[in-house]
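Asker: mind looking at a prediction? Sequence and model below.
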Amino acid sequence: MVSKIQDKVEEYAGAAEEAYGDVTDQGDHSARGAARKYASQASYAVKDAADTIKQQVSDKPYAGLAVAAAIGVAFGYLLGRK
């Protein structure tokens, strides 16, 4: 939970830095702020997806096992091809 809050804080800080760069016409601040904002959004999305998967697997363990097996078979098929 704390890491999600930290990601949101980083997102807002990145947006502020991007806005500062846009207002002052400093491209380095704008680019760095945009990168910081989008990196924190991606991190938040990955953590949210991981939490959702954990919840789904704990609710339905056999379905999670079946999905993991299917992914393993698909990777094995793709890596085994020549």
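Answerer: That came in fine, so what should we check first? Numbering: from 1, shown residues only.

Asker: report how many residues lie close to T24.
Answerer: By the criterion of other CB atoms under 10 Å, T24 has 10 neighbours. The C-beta positions use only the backbone N, C-alpha and C, and glycine is treated the same way.

Asker: show me what contacts it?
Answerer: Contact analysis of T24 by CB atoms under 8 Å, 6 or more residues apart in numbering lists nothing.

Asker: A15 - nearest residue in space that isn't next to it in sequence?
Answerer: K37 (5.1 Å; CB to CB, 6 or more residues apart in numbering).

Asker: low-confidence stretches in this structure?
Answerer: Low-confidence segments of the chain (pLDDT under 70): 1, 82.

Asker: hmm, 80 instead?
Answerer: 1-4, 7, 81-82 (pLDDT under 80).

Asker: okay, helices next: where are they in it?
Answerer: Using DSSP state H, the helices of the chain run over 2-24, 27-59, 61-80.

Asker: and the shortest one, what does it pack against?
Answerer: With contacts defined as 3 or more CB pairs under 8 Å, 6 or more residues apart in numbering; DSSP states H and E, the secondary structure elements packing on helix 61-80 are helix 27-59.
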